[in-house]
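> Take a look and give me a structure for this.
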Amino acid sequence: ESTRWASMRSLSDDASQILVTTRLGDTGQVYLVDHAGGARQQITFRREPSRSPDFIPGSSRSFLFRGDIGGDEQNQIFRFDMDSGSTTQLTPTGVRHGGWTWSRDGEHITYSSNQRNGKDFDIWMGDARNADSARLLCEGEGYWGAGPWAPDGKSMIAYQYVSRADSRLHLVDIESGKSKRIIGGSRRDTAYYGDVVFGADPDTLLVTSDRDGEFVRLYRVTRKGKRWKWNPLSEDIPWDVEELAISEDGSSLAFTVNEGGYAALYLVDLGSDEIKRVDSIPRGLVYGLRFARKAPILGFTAAGPTRTGDAWTLDTTSGEVTQWTHSEIGGLDSSNFREPELIEYESFDGRKIPAYYYKPEGEGPFPVTIDIHGGPEGQAQPWFSATTQYLLNEAKIAVI
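This next block holds a predicted model:
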């Protein structure tokens, strides 16, 4: 109950300030940190959690965030202005909304909403200033989410999720609202498509997919007339690529790779396609990638089996890594925390099953508790657990 997490959510344009979410009271709220290691200044004070804060482009004094009302689980989009302390609700109560994406000029957002019939999620567009600006951009079927805008501002990607093995990408014309399915959803092309970003031009996408085999790989997808040409970029990495982020100028791409449950961070120079692994981050989990809009700074959250999550940045020019927050662990002595060992055991049909084995200090033998993850596509990962560390240090119980 007394351990805290701080999750990186947004960087100001020049990366001089960040927004994080953390829970220091009953619910998670938005906090501003104006320098690395600085105090977290609480900004929102809602009864319900305030989620996913995102600086408005060109401003370090206003941001958007998501949250429900009265625990109804119908997420709304809000605008918060720090100078006046005012909150503006941009979406109608009682309707469910997905996350938003910004136009390249920062003048508009697109987001998903089931406002039309309460069932299907469509793509809506607004100016992020007032609710009256919202309009239906294009109709979807099932769940559609708002993806990135093209660099020229004339189109955007809408992501359609059908199942873990079937997702589709649609190209939406901003002026007409007409959509065209460009990837997935056909007999010859049924696969998982995960993260997607535009490259430096509207004819280039960077996409993660398992379309060619066992692993989710990173691809550059280039439009040639009416067809899209696929070029794998991560085929030498025998693990799943998970999350993508691209710099504002389209020159640098960051991605994470799930290496046996741990997360590794990589950078790609998109001019040369040179891929470099970032080894200066403590081993553990890395997620929530996002670039500053006007600086070569990548923000992310890093966590591990012996530490809770904190906000970090990476200067992609110098390689310098900076930890911005230092979360509390309830007065516990972290020097006694135990790291897991990745082991394998054989199943009834001869398959090798990986597991994390946390062993108490000493010779043993020890009693064991076995924690089985949800599934079938779930995975145990080395997150910090106060319960696990208690079992190891106080009760001398091993954990698998």
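
> Need the pLDDT of L332.
pLDDT, L332: 78.

> now it: how far from Y358?
Distance, L332 to Y358, by C-beta to C-beta, to the nearest Å: 16 Å. For glycine as for every other residue, the C-beta is placed from the backbone atoms N, C-alpha and C.

> Mind checking which of these two has more residues around it?
Between L332 and Y358, counted using other C-beta atoms under 10 Å, the more crowded position is Y358 (23 against 15).

> Provide a list of residues in contact with the nearest residue to that one once chain neighbours are set aside.
Among residues not flanking Y358 along the chain, V399 sits closest, at 4.1 Å (C-beta to C-beta, 6 or more residues apart in numbering). For V399, the contacting residues are 357-358, 368-371, 388, 391-392, by C-beta atoms under 8 Å, 6 or more residues apart in numbering.

> Quick check: phi and psi at D81.
Dihedral angles of D81 (phi, psi; degrees, to the nearest 10) stand at phi -110, psi 120.

> Pretty sure L392 sits in a strand.
No: per DSSP: H, G, I helix; E, B strand; the rest coil, L392 lies outside any strand segment and is helix.

> doesn't E339 make contact with it?
No: the pair L392 / E339 is not scored as a contact, 10.3 Å apart, by C-beta atoms under 8 Å.

> Now the common contact residues for these two.
Listed as contacting both L392 and E339 by C-beta under 8 Å, 6+ apart are Y358.

> The two: which is more packed in?
With neighbours defined as other C-beta under 10 Å, L392 and E339 compare such that L392 has more, 22 against 13.

> give the contact list for that one.
Taking C-beta under 8 Å, 6+ apart as the criterion, L392 is in contact with 338, 358-361, 398-399.

> For these, which ChimeraX command selects only the ones that are buried?
Of the contacts of L392, the buried ones go into a single ChimeraX selection, burial set by 16 or more other C-beta atoms under 10 Å:
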select :338,358,359,360,398,399
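
> can you pull the contacts of the residue nearest to Y192 when sequence neighbours are not counted?
Of all residues beyond its chain neighbours, the one nearest Y192 is D210 (4.9 Å), with distances taken as C-beta to C-beta, 6+ apart. Shown in contact with D210 (C-beta under 8 Å, 6+ apart): 191-192, 216-217, 240.

> try 7 Å
191-192, 216 (C-beta atoms under 7 Å, 6 or more residues apart in numbering).

> ditto for N130
Contacts of N130 (C-beta under 7 Å, 6+ apart): T88.

> host element of the spatially most central residue of the chain?
Nearest to the mean C-alpha position of the chain, by C-alpha atoms, centre = their mean, lies G288 at 3.9 Å. Using DSSP states H and E, the element containing G288 is strand 285-291.

> What strands line up against the helix or strand following that strand, and which way round?
Next helix or strand after strand 285-291 toward the C-terminus (DSSP H and E): strand 297-304. Strand 297-304 has its sheet partners listed here by DSSP bridges as strand 285-291 (antiparallel), strand 307-315 (antiparallel).

> Show me which positions of the last one end up buried.
Neighbour-count burial for strand 307-315, counted by 16+ other C-beta under 10 Å, picks out 307-314.

> which intervals of the stretch 1-150 of the chain have sub-threshold pLDDT?
1 (pLDDT under 70).

> now the helices for it?
Taking DSSP state H, counting those that start in this stretch as the test, none of the stretch 1-150 of the chain falls into helices.

> That one: strands as residue ranges?
Assignment of strands within the stretch 1-150 of the chain using DSSP state E, counting those that start in this stretch yields the ranges 6-11, 18-22, 29-33, 41-42, 51-55, 62-67, 76-81, 86-89, 97-102, 109-113, 122-126, 135-138, 143-149.

> For the fifth one, name the packing helices and strands.
What it means is strand 51-55. Where contact means 3 or more C-beta pairs under 7 Å, 6 or more residues apart in numbering; DSSP states H and E, strand 51-55 is packed against strand 6-11, strand 18-22, strand 62-67.

> before we move on, what about the third one?
For strand 29-33, the packing partners by 3+ C-beta pairs under 7 Å, 6+ apart come out as strand 18-22, strand 41-42.
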